[in-house]
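Trainee: The following block contains a protein sequence and its predicted model.
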Amino acid sequence: MRAVVFDRPGGPRHLHLSDIAIPTIKPDEVLIEVAAAGLNRADIHQREGHYPPPPGASEVLGLEVSGHIAGAGAEVSSWKQGDRVCALLAGGGYAEYCAVPATQCLPVPASLPLVEAAGLPEAAFTVWANLFHQPLVYPSESLLVQGGTSGIGTFAIQAAHALGVRVAATAGNPDKLALCRKLGAEQAFSYKGEWFNQAQSWQADRGIDVILDMIGGDYFPRHIDLLAPRGRLTHIAYANGANVTLDLKKVMQKRLIVTGSTLRSRPPAEKAELRNALEVRLWPKVQDGSIRPVIDRTFPVEQAAEAHQYFEAGSHAGKILLTL
Ligand SMILES: NC(=O)c1ccc[n+]([C@@H]2O[C@H](COP(=O)([O-])OP(=O)(O)OC[C@H]3O[C@@H](n4cnc5c(N)ncnc54)[C@H](OP(=O)(O)O)[C@@H]3O)[C@@H](O)[C@H]2O)c1
């Protein structure tokens with residue numbers, strides 16, 4: 001089968017197509033004939049050699065796909081050949097076929113084009129795990145989403161809005177700010193401007209209940225200041241740095257919760273738990289169209305290098321996909 005590989009870590013130009021073996025499936029896995037794979041920041045880090053796949057995972061890039069079930073292991077009864085699915089992977093998505101535990105697949109509703117569904121799994125699992133699984137935010141509370149037009153941000157705004165949470169988000173240009181509002185944010189702040197003062201004014205009475213952050217660094221003390229009493233701050237990345245200064249006095253006075261998580265290295269049983277909750281709680285909203293993947297652009301798999309270059313340029317809003 002065709003797959004995107006790289007012979008040594010480096011820039012996007014190291015990516016090229018190669019012919020490799022179709023993966024063999026374990027008894028609890030399915031084989032997916034891939035229609036499209038979503039790009040993620042983690043793919044860039046892996047290509048550069050900074051983020052190796054967890055033990056046992058495919059060396060091929062790609063953490064999420066959509067496609068048809070092409071085969072199922074002996075223990076799998078939940079899927080049959082031809083089913084339309086999207087799936088969260090620990091690796092191996094940039095290829096014509098991938099193997100994944102059956103418990104990491106979700107159905108693609110008839111209302112959603114199969115290719116577009118490749119933009120759902122990584123964001124859906126991440127947002128669910130960090131905001132709703134052990135609930136961190138509740139209906140009618142306020143939520144600030146940093147990076148509102150990232151793949152994660154576009155899903156977080158829609159999911160929170162659909163579940164009755166009041167959302168604001170940050171983004172880097174007027175078109176992206178408009179997209180945040182279109183997706184359900186009641187306010188959108190430019191992170192190149194006065195976002196901190198604007199966020200403070202948004203919830204001037206008591207502060208913001210929850211912040212979903214991917215920036216860290218110098219944003220951390222400002223987030224601590226923005227939070228309401230019993231506020232919660234959750235981290236999924238730290239673009240501005242992982243080491244921060246924390247004023248414990250403020251944490252104690254406001255009784256704050258500071259947390260965060262990663263997804264890729266979690267054991268399959270935890271991913272299955274997230275998947276089952278997602279199917280019940282959020283998938284009906286994917287089915288009725290109130291949550292949709294926001295697709296910026298698709299590239300044919302032959303142009304994986306161009307797709308990575310485009311991702312790294314940072315002008316996109318929502319997901320970039322490779323079609324197989
Ligand atoms: N922990 C986990 O489980 C997990 C899982 C998946 C992803 N992630 C992380 O989540 C993040 C989002 O990933 P992605 O692939 O969806 O998209 P991405 O391209 O990494 O998104 C980056 C986002 O950061 C925003 N941004 C950049 N500088 C900023 C600043 N100074 N202040 C506020 N926002 C700023 C960008 O906004 P503009 O485009 O407007 O410039 C963009 O929305 C990544 O860091 C990724 O590694 C974590």
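Mentor: Okay, I see it.
Trainee: Next one: residue 311 from the ligand, what distance?
Mentor: 7 Å (Cβ to the nearest ligand atom, to the nearest Å). C-beta here means a position set from N, CA and C on the backbone, and glycine is covered the same way.
Trainee: Look up the closest residue to the residue nearest the centre of the chain, ignoring the ones flanking it.
Mentor: Central residue of the chain (Cα atoms, centre = their mean): residue 123, 2.4 Å from the mean position. Closest residue to residue 123 apart from its sequence neighbours, by Cβ to Cβ, 6 or more residues apart in numbering: residue 155 at 3.6 Å.
Trainee: same question, residue 210
Mentor: residue 137 (4.2 Å).
Trainee: what helix or strand is that neighbour on?
Mentor: Per DSSP states H and E: residue 137 is located in neither a helix nor a strand.
Trainee: What is the burial count for it?
Mentor: 24 (other Cβ atoms under 10 Å).
Trainee: surely it meets residue 131?
Mentor: Yes. Counting by Cβ atoms under 8 Å, residue 137 does reach residue 131; the two are 5.2 Å apart.
Trainee: Now for these two: what residues contact both?
Mentor: 143, 160, 210 (Cβ atoms under 8 Å, 6 or more residues apart in numbering).
Trainee: Of those - the most surrounded one?
Mentor: Going by other Cβ under 10 Å, residue 160 tops the shared contacts of residue 137 and residue 131 with 27 neighbours.
Trainee: Now do the SS call for that one.
Mentor: helix (DSSP: H, G, I helix; E, B strand; the rest coil).
Trainee: still on that earlier bit, show the contacting residues for the residue nearest to residue 210.
Mentor: 131, 143, 160, 165, 209, 210, 232.
Trainee: what does residue 66 give?
Mentor: Here residue 66 is in contact with 34-36, 84-87, 108, 114-118, 120 (Cβ under 8 Å, 6+ apart).
Trainee: So which elements touch the one helix or strand the residue nearest to residue 123 maps to?
Mentor: Residue 155 belongs to helix 151-162 when assigned by DSSP H and E. If you count contacts as 3 or more Cβ pairs under 8 Å, 6 or more residues apart in numbering; DSSP states H and E, helix 151-162 packs onto helix 121-127, strand 142-145, strand 166-171, helix 174-183.
Trainee: on contacts alone, who are the packing partners of the helix or strand just after the last one?
Mentor: Beyond helix 174-183 on the C-terminal side, the first helix or strand identified by DSSP H and E is strand 187-190. Strand 187-190 makes packing contacts with strand 166-171, helix 174-183, helix 195-202 when contacts are defined by 3+ Cβ pairs under 8 Å, 6+ apart.
Trainee: Residue 68 and residue 86 touch, don't they?
Mentor: No. Counting by Cβ under 8 Å, residue 68 does not reach residue 86; the two are 11.0 Å apart.
Trainee: Looking at those two, which one has more neighbours?
Mentor: Taking other Cβ under 10 Å, residue 68 and residue 86 do not tie; residue 86 has more neighbours (29 against 17).
Trainee: filter the shared contacts of residue 137 and residue 131 down to the ones near the ligand?
Mentor: Subset of the shared contacts of residue 137 and residue 131 in contact with the ligand: empty, counting by Cβ under 6 Å from any ligand atom.
Trainee: Would you format those as TSV with distance to residue 322 and pLDDT included?
Mentor: Shown next, in TSV, are the shared contacts of residue 137 and residue 131 (distance: Cβ to Cβ, whole Å; pLDDT from 0 to 100):
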residue	distance to residue 322	pLDDT
143	31	98
160	28	98
210	33	98
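Trainee: Next one, pLDDT for residue 120 please.
Mentor: Reported pLDDT at residue 120 in the predicted model: 98.
Trainee: now it: how far from the ligand?
Mentor: 12 Å.
Trainee: The helix ranked longest in the chain vs the ligand: in contact?
Mentor: For the chain, the helix with the greatest residue count under DSSP state H is helix 268-281. No. Applying Cβ under 6 Å from any ligand atom, one finds helix 268-281 separated from the ligand by no less than 10.7 Å.
Trainee: list the contacts for the closest residue to residue 81 other than its chain neighbours?
Mentor: Sequence neighbours aside, residue 69 is the residue nearest to residue 81 in space, at 5.6 Å (criterion: Cβ to Cβ, 6+ apart). Going by Cβ under 8 Å, 6+ apart, residue 69 touches 30, 31, 32, 33, 79, 80, 81, 82, 83, 85, 105.
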